[in-house]
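1. Sequence isn't available, so here's the structure alone:
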């Protein structure tokens, strides 16, 4: 999920010094082993990218709202060090991938399966951050014979979930955005179009102001110049061809997801930070208690941005262990 003018992506703990030093040592973005297009199940194309270890365990990385297939250099470096073949793609409507109006969250599973088939990969792990968290759970539910493990990092819970005040604890930008969507979808779509134009033109030094109501103290401390540069590049590439990805993500989050969490039969990790104002902590608690057998990592010192930067190596380590049965021999 995400704010109206920023990623819906969707003791204090700013970025760890070691993590920050590692994050951009090799530049803001890593060189891809391959960047290619795949035929989408619904027609059109999906733009995919792989980094890390070409002979490693396949793991799919699902970006947030808005976003694209690009990740910081540290993610590729960590994947290489942990023998992971990290595969990402522009979800439908973002970057160079064809939009699919009316898509559901579960439909991401068909896209992931198409890319895996193109790679000749049968089994794989998957993680998603923010607006990619729910799709990662959808992949786990829809492809139980192929997914060895799934992780949601700072992802949303279903809209209208019993016992959850879905908007409580969100920053003002997100609250106003979703309230407009529910009240006047046509006006919301026009606003989303304007938001896209603003985000494409955003400069790194403007992010803190754009997200002023969404940044907790933890995330504000973690929003370094380097991290801002990567986020802005991700927004620029993801929204280069239009606003449709943002539109379809927002609509899919407040509609039925196309699967029930109770259907998930593969190992799942739920990660969430208590200082998250993009996607409130209550969403993580709710998911942890409703995904069967979920391993919960509900962290009192993390925010939205710091969560995935500080803890993605642990997610990779877990998925690598889960994938040991298909790990190529040295």
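-> In hand now; what should we look at? Bear in mind the structure is a predicted one, so any value in this text is a computation, not a measurement.

2. Tell me which stretches of the stretch 101-250 of the chain form helices.
-> Secondary structure of the stretch 101-250 of the chain (DSSP state H, counting those that start in this stretch): helices at 108-119, 133-142, 172-183, 185-200, 207-210, 217-222, 225-238, 244-254.

3. helices and strands around the second one, which ones?
-> Packed against helix 133-142 by the contact rule (3 or more C-beta pairs under 8 Å, 6 or more residues apart in numbering; DSSP states H and E) you find strand 57-62, helix 108-119, strand 124-129, strand 147-153. Heads up, the C-betas are built off the backbone N, CA and C, glycines and all.

4. contact partners of the last one?
-> Meaning strand 147-153. 123-130, 133-134, 136-137, 139-140, 264, 266-272, 287, 307-308, 311-312, 315, 318-319, 322-323, 325-326 (C-beta atoms under 8 Å, 6 or more residues apart in numbering).

5. Skipping adjacent residues, who's closest to residue 118 in space?
-> Nearest residue to residue 118, sequence neighbours excluded (C-beta to C-beta, 6 or more residues apart in numbering): residue 38, at 4.8 Å.

6. so when I look at that neighbour, I'm seeing a helix, right?
-> No: counting by DSSP: H, G, I helix; E, B strand; the rest coil, residue 38 is not part of a helix but strand.

7. So it is in contact with residue 50, correct?
-> No: using C-beta atoms under 8 Å, residue 38 is not in contact with residue 50; the gap is 11.6 Å.

8. Looking at these two, which one has more neighbours?
-> Using other C-beta atoms under 10 Å, the more surrounded residue of residue 38 and residue 50 is residue 50, with 25 against 18.

9. Distance from the chain centre to the host helix or strand of the more buried one, please.
-> Using DSSP states H and E, residue 50 sits in strand 45-52. Chain-centre distance of strand 45-52: 15 Å, with C-alpha atoms, centre = their mean, to the nearest Å.

10. other SSEs contacting that strand?
-> Using 3+ C-beta pairs under 8 Å, 6+ apart, strand 45-52 is in contact with strand 34-39, helix 73-81, strand 84-89, helix 108-119.

11. Lowest average confidence across these, which one?
-> Comparing mean pLDDT over the helices and strands packed on strand 45-52, the weakest stretch is helix 73-81, at a mean of 92.

12. got the angle between that helix and helix 225-238?
-> 90 degrees (axes from the mean of the first three to the mean of the last three C-alpha atoms, to 10 degrees).

13. Could you check helix 73-81 and say which residues are buried?
-> 73-80 (16 or more other C-beta atoms under 10 Å).

14. for residue 54, what are its contacts?
-> Contacts for residue 54 (C-beta under 8 Å, 6+ apart) come out as 33, 85.

15. Ignore what I typed, I meant residue 219.
-> Per C-beta under 8 Å, 6+ apart, neighbours of residue 219: 275-277, 303-306.

16. same thing with residue 282?
-> The contact partners of residue 282, taken as C-beta under 8 Å, 6+ apart, are 157, 164-165, 168-169.

17. Please read off the pLDDT at residue 22 from the model.
-> Residue 22 carries a pLDDT score of 44 in this model.

18. And the contacts of residue 219, which two are furthest apart?
-> 277 and 306 (12.2 Å; C-beta to C-beta).

19. out of these two, which sits in the busier spot?
-> Ranked by neighbour count (other C-beta under 10 Å), residue 277 and residue 306 place residue 306 first, with 28 against 23.

20. Nearest spatial neighbour of that one, chain-adjacent residues omitted?
-> residue 222 (4.2 Å).

21. Is it correct that that neighbour is in contact with residue 305?
-> Yes: using C-beta under 8 Å, residue 222 is in contact with residue 305, at 5.2 Å.

22. Name all residues that make contact with the closest residue to residue 39 other than its chain neighbours.
-> Using C-beta to C-beta, 6+ apart and skipping the chain neighbours, the partner closest in space to residue 39 is residue 45 (6.4 Å). For residue 45, the contacting residues are 37-39, 96-98, by C-beta under 8 Å, 6+ apart.

23. pLDDT at residue 45, what is it?
-> Predicted confidence (pLDDT) for residue 45: 97.

24. now the helices and strands packed on helix 133-142 in TSV, with distance to residue 187 and mean neighbour count?
-> As requested, the helices and strands packed on helix 133-142 are exported to TSV (distance: least, C-beta to C-beta, whole Å; neighbours: other C-beta atoms under 10 Å):
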stretch	distance to residue 187	mean neighbour count
strand 57-62	29	28
helix 108-119	27	20
strand 124-129	29	29
strand 147-153	31	28
